[in-house]
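>>> need a structure here:
(one chain, ligands or ions: 2)
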Amino acid sequence: MYNNNNNNINNNINNNIKGIKKILTGIKPTGTPHLGNYLGAIAPALQYIHDHDGHDNQNQEVESYYFIADYHALTTIHDPKILHNYILEVAATWVAFGLDVNKTVFFRQSDIPQVMELSWILGCFSSKGLMNRAHAYKALLDQNTCNEDDPDAGINMGVYTYPVLMAADILLFDSDLVPVGQDQIQHIEIARDIAKAFNSRYGKDGVDILKMPNGIVRKEVAVLPGLDGRKMSKSYNNTIPLFLPSDKLRKLIMKIKTDSSGPTEPKNPDDSLIFTIYSEFASEEQKNQMKQRFLNGIAWGQAKQELFELMDNFLKNPREKFNYLMSNPDEIEKLLKRGKELALISAQKTLNRVRKTIGIN
Ligand code: ADP
Ligand code: TRP
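Residues are numbered from 1 along each chain as shown. Ligands and ions are numbered 1, 2, ... in the order given. Predicted coordinates:
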C-alpha cells in the first residue's frame, strides 16, 4: 500500500513539476519596508509576473505566491501593536507597487497553519550542524563572543530554527523560483539541503517528493548599500524607507555617503550608490546621459538632487496608494483573505502528499 501511495504521490509531484512553474517570495515584517527590499525582492518578483503574465518563455503556466512572513518576524518583534502595524505596512507595500491579487496568491504566512506542520516535519530532516552554520545565527553568536557574553545569550529557538521555517514556506508551495536579495541565498541553499535529505529518504526511482527551489538574485542590486555604506537593512538603521514624504526623502538622499571629489572632477558611476539607485528608476536614455555626466564631472549635490526628483516622481503614486491602504486596513484584510483561501488549498495538497509519504495519514 505504501508503494502505491508513493506512486500516486510521485505522479502528483511530476504533474506539478511539469505543469506549473511556481514563483514565491516573502518579506518579514520587522520594520518599515525600504529601498533594498523593493529593489532586491519586490521589484523583481513583480517584474516576473509582468513579463510573463501567466506563462513563461517556454509557454509553461506560471503561478506566483507572495507573502508576509509574520511568524519569522516574531523572532525579533515582541510588541503586538508594532508587529501588527509592520504586517500592514508590508502588505500595503506590495499592493502599492502594483501587485494584482487576481494574478498572484497574496497571503500572510500565519494564515496557513500547514507551514507550521511542515516546518516540524522538515526539522526532523535538518541536521543541527546545518542550523549552526546559518549566517544570521552565527552573527549573533559572534557578537556575544565579542562582548564576552554567554555565546547563546538572547538567542531564541525561533532564530535558531528560522531556516527550517523558511524551507517550509518554500517547499510547501512546490516553489521553483525564489526572488530574493543576496543575503537570503544561504537560506535557499538550506531549503535545498533539507529537501535533498527528505527526497533521498523517500523519493523513488529518481522522482522527488519535494521540489528543488532555485533563488534568483538581481546582480545590480544583490546587496544595496545603506546610507552608511553597510548593507541597507532595517537592523542597521541605515535605510531609505520607501514611502517617506517628499521632503524627508530628499533629506535622506542628501545624506548618502560620497567621496571627497570636487564638483567638476570625473566620478566613477560604477562605484557610486547614487548612480546605482538612479539606474534602477531611469530610462535607458536617462541612465546613459547620467553616466556621461558622472564621467565628465557632476557635483554630488546635483546628482543627489536629480536622483531625488526621479525617485520622488516614481514613488508618488505608490506613496498615495500606500497611505490610503494604511488608513483603510480593512481593505488590506480583504485582499489577504482571497490569497489565504487559495494558499490553503495549495498548501494542503503538498502537506497531504508529505503526510502520506512519511506514514502519517
Ligand atoms: P532587512 O535586512 O532590512 O531586515 P529583510 O530581511 O526583511 O530585510 O529582506 C526582505 C527581502 O529584501 C529579502 O529578499 C532580502 O534579500 C531583500 N533585501 C533586504 N535588504 C536588501 C539590500 N540591502 N539589498 C538587496 N536586497 C535586500
Ligand atoms: N527570510 C526572508 C527575509 O528575511 C523572508 C522570508 C521568509 C522568505 N520566508 C521566505 C523569503 C520564503 C523568500 C522565501 O527576508
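>>> what residues does this protein put near ligand 1?
Proximity of the chain to ligand 1 (Cβ under 6 Å from any ligand atom) is limited to residues 27-28, 30, 36-37, 40-41, 180-181, 183-184, 221, 223-224, 231-235. C-beta coordinates here come from the backbone N, C-alpha and C atoms, glycine included.
>>> Please repeat the previous calculation with a cut-off of 8 Å.
Applying Cβ under 8 Å from any ligand atom, one finds that the chain approaches ligand 1 through 25-28, 30-31, 34-37, 39-42, 69, 179-184, 221-226, 231-235, 239.
>>> Surely residue 148 forms part of a helix?
No. Residue 148: not assigned to a helix; according to DSSP: H, G, I helix; E, B strand; the rest coil it is coil.
>>> count of neighbours near it?
6 (other Cβ atoms under 10 Å).
>>> Kindly report the same for residue 170.
The tally of other residues near residue 170 (other Cβ under 10 Å) stands at 29.
>>> got it, and the one 3 residues further on?
Burial of residue 173, expressed as a neighbour count using other Cβ under 10 Å, amounts to 27.
>>> who touches it in this structure?
Residue 173 sits next to 22, 24, 65, 343, 346, 347, 350 when contact means Cβ atoms under 8 Å, 6 or more residues apart in numbering.
>>> let's see it at 7 Å
Residue 173 makes contact with 22, 24, 65, 346, 347 under the criterion Cβ atoms under 7 Å, 6 or more residues apart in numbering.
>>> For residue 356, see how far away it is.
For residue 173, the distance to residue 356 (Cβ to Cβ, to the nearest Å) stands at 18 Å.
>>> How about residue 108?
According to Cβ to Cβ, residue 108 and residue 356 sit 27 Å apart.
>>> and what of residue 119?
In terms of Cβ to Cβ, residue 119 sits 18 Å off from residue 356.
>>> that older thread, who has more neighbours, residue 108 and residue 356?
Neighbour totals were compared for residue 108 and residue 356, and residue 108 leads with 23 against 18 (other Cβ under 10 Å).
>>> mind checking the backbone torsions on that one?
phi -110, psi 130 (degrees, to the nearest 10).
>>> unless I'm mixing things up, it is touching residue 69, no?
No. Judged on Cβ atoms under 7 Å, residue 108 makes no contact with residue 69 at a distance of 8.8 Å.
>>> could you pull out the strands for the stretch 151-300 of the chain?
Along the stretch 151-300 of the chain, counting by DSSP state E, counting those that start in this stretch, strands occupy 177-179, 214-216.
>>> what comes up buried for the last one?
Yep, that's strand 214-216 we're talking about. Burial within strand 214-216, assessed by neighbour count using 16 or more other Cβ atoms under 10 Å, is assigned to 215, 216.
>>> what is the rounded mean pLDDT of it?
Here strand 214-216 scores 95 as its mean pLDDT.
>>> Parallel or antiparallel, which strands does it pair with?
Next to strand 214-216 in the sheet, as set by DSSP bridges, lie strand 177-179 (parallel).
>>> so where's this structure uncertain?
Along the chain, the model assigns pLDDT under 70 to residues 1-19, 54.
>>> centre of the chain versus the longest helix along it, how much separation?
Across the chain, the longest stretch assigned as helix under DSSP state H is helix 329-358. The chain centroid and the centroid of helix 329-358 are separated by 19 Å under Cα atoms, centre = their mean, to the nearest Å.
>>> Could you name the helices and strands sitting against it?
Judged by 3 or more Cβ pairs under 7 Å, 6 or more residues apart in numbering; DSSP states H and E, the packing partners of helix 329-358 are helix 2-19, helix 80-96, strand 104-108, helix 114-123.
>>> One more pass at 10 Å, please.
Helices and strands touching helix 329-358, by 3 or more Cβ pairs under 10 Å, 6 or more residues apart in numbering; DSSP states H and E, are helix 2-19, strand 61-68, helix 80-96, strand 104-108, helix 114-123, helix 162-172, helix 185-202, helix 300-327.
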